[in-house]
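Q: Below is the sequence, then the predicted model.
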2 protein chains.
Amino acid sequence: MSRPGAKVPPEAPSRRRHDLPSVLEVAAAVFTERGYDGTSMEDLSRATGLSKSSLYHHIDSKEQLLRLALERAVDPLFGVLDEPGANQGPAIDRLSHVVRREVEVLADQLPYVTLLLRVHGNTGTERWALERRREFDRRVAEIVVAAVAEGYLRDDVDPFLVTRLLFGMINSFVGWYRPDSASRRGRHGSRSLPPNELADALLRVVFDGLRKRS
Amino acid sequence: MSRPGAKVPPEAPSRRRHDLPSVLEVAAAVFTERGYDGTSMEDLSRATGLSKSSLYHHIDSKEQLLRLALERAVDPLFGVLDEPGANQGPAIDRLSHVVRREVEVLADQLPYVTLLLRVHGNTGTERWALERRREFDRRVAEIVVAAVAEGYLRDDVDPFLVTRLLFGMINSFVGWYRPDSASRRGRHGSRSLPPNELADALLRVVFDGLRKRS
């Protein structure tokens, strides 16, 4: 997706913490915490340690910052839908591929996916993000519909409800999953599972259910 | 749970829209939308149509309003755990009971459960709510552990992860479920399913999985 007007500065080691990616990461966390409406450029200046004029060196407006942060989630999420694994073979394999890769994108882009899931819809950019989420859900629901039609998935639950349940599970990871936290064992071990193991567990539960088979 | 200092006014028909329950419902929506920190008594006065002094007739502070709103979710959620169905019989039946009743509580107390799931933890009341959520998760996880030990549930996924996946699914309902919306058919039909049908679908998916059995 295009990023109109983004002024990406040449990377200079002495300003590494203040390059656009770092600013986006801080901004995403602040927007998530305070809400987009509740965040002023003053707040962003304080959180990044950059003056407002330095911030405006990177971006044209607060809304552009939101757009760039959201694209860091939206672009790779849609990228998954264009991968061969999402487009070739039986629908159940395509669905598994999409679920597995979405979990990876979520782990990779955690602050941005978290922000995407918190967006309300008061500005054009927020409404764009909500529309992208709906379009994403529609495209995944199409794969679910195909998997039902091909006889792989149960047909007694509405495919759109299935999609919602599935993404409800996946999206809830943003509330507790910390892929880079120090590995800890015991009851909180799942917080730091590698994304592929987390995806394995989710796929087992979702496709085969919790009930033990004899 | 006690509600120290709550001044519940006698109900008078002419002020029905301005009684404490109505104030709580509006406050929960505003806290959810703007965040607790981002909401002033001024905002609440505007949203409820009550002067600040009228608001202070109902409550002592903004934080007390938050507490009362959160109790409307926390009290019935914990109430479910004390029901006979959550305490008698095989663990898998107890788990089904808890899931089914939680879906009902969520549908009944939607604005308050939504708020509970959005709470951060900057004030004593928010930290109390987070601790209640953790305690709730622990108690459900105990039932999952028992259901695994009794041989009903698969033992190759960590019970605490199972609990998180399960509640990830249930809690995601707050993002789209509108139990009182006009019944609509077609792709958005699941928005307005009665809570018991929604719980049925969720239990089918969670216990038996999406894969079609021959």
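A: Sure thing, it's come through.
Q: what comes up buried for stretch A:130-142?
A: A:132, A:133, A:136, A:137, A:140, A:141 (16 or more other CB atoms under 10 Å in any protein chain shown). C-beta coordinates here come from the backbone N, C-alpha and C atoms, glycine included.
Q: just stretch A:152-160 next, same as before
A: Per 16+ other CB under 10 Å, stretch A:152-160 contains these buried residues: A:152, A:153, A:154, A:157, A:158, A:159, A:160.
Q: got JSON lines for those, with pLDDT, secondary structure and distance to residue B:77 too?
A: Compiled in JSON lines, the buried residues of stretch A:152-160 are given as follows (pLDDT from 0 to 100; DSSP: H, G, I helix; E, B strand; the rest coil; distance: CB to CB, whole Å):
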{"residue": "A:152", "pLDDT": "92", "secondary structure": "coil", "distance to residue B:77": "36"}
{"residue": "A:153", "pLDDT": "93", "secondary structure": "strand", "distance to residue B:77": "31"}
{"residue": "A:154", "pLDDT": "91", "secondary structure": "coil", "distance to residue B:77": "29"}
{"residue": "A:157", "pLDDT": "89", "secondary structure": "coil", "distance to residue B:77": "25"}
{"residue": "A:158", "pLDDT": "89", "secondary structure": "coil", "distance to residue B:77": "27"}
{"residue": "A:159", "pLDDT": "88", "secondary structure": "helix", "distance to residue B:77": "30"}
{"residue": "A:160", "pLDDT": "87", "secondary structure": "helix", "distance to residue B:77": "27"}
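Q: Tell me the one of the residues you listed nearest residue B:81?
A: residue A:157 (27.1 Å; CB to CB).
Q: if you go through chain A in chain order, where are the strands?
A: Per DSSP state E, chain A carries no strands over any range.
Q: gap between the longest helix along chain A and the chain center?
A: Longest helix in chain A, counting residues (DSSP state H): helix A:124-149. Chain-centre distance of helix A:124-149: 13 Å, with CA atoms, centre = their mean, to the nearest Å.
Q: residues in contact with the nearest residue to residue A:133 once chain neighbours are set aside?
A: In space, residue A:133 comes closest to residue A:116 once its chain neighbours are excluded; the distance is 6.9 Å by CB to CB, 6 or more residues apart in numbering or on different chains. Contact analysis of residue A:116 by CB atoms under 8 Å, 6 or more residues apart in numbering or on different chains lists A:70, A:73, A:74, A:129, A:133.
Q: now do residue A:141
A: Here residue A:141 is in contact with A:159, A:160, A:162, A:163, B:187 (criterion: CB under 8 Å, 6+ apart).
Q: Just flag the most distant two among the residues you listed.
A: A:162 and B:187 (12.0 Å).
Q: In terms of neighbours, single out the busier of these two.
A: Neighbour totals were compared for residue A:162 and residue B:187, and residue A:162 leads with 24 against 15 (other CB atoms under 10 Å in any protein chain shown).
Q: didn't that one look like it was pressed against residue A:153?
A: Yes: using CB atoms under 8 Å, residue A:162 is in contact with residue A:153, at 7.3 Å.
Q: Would you mind giving the domain segments of chain A?
A: A:13-64, A:70-208 (automatic domain parsing).
Q: closest to residue A:27 among the contacts of residue A:141?
A: Of the contacts of residue A:141, the one sitting nearest to residue A:27 (CB to CB) turns out to be residue A:163, at 30.1 Å.
Q: Test my guess that residue A:44 contacts residue A:24.
A: No: here residue A:44 lies out of contact with residue A:24, judged by CB under 8 Å, at a distance of 10.7 Å.
Q: hey, what's in contact with both of these two?
A: Overlap between the contact sets of residue A:44 and residue A:24, as judged by CB under 8 Å, 6+ apart, is given by residue A:65.
Q: Now do residue A:115 against residue A:25, distance only.
A: Distance, residue A:115 to residue A:25, by CB to CB, to the nearest Å: 10 Å.
Q: quick one, which of those two is more surrounded?
A: With neighbours defined as other CB under 10 Å, residue A:115 and residue A:25 compare such that residue A:115 has more, 26 against 15.
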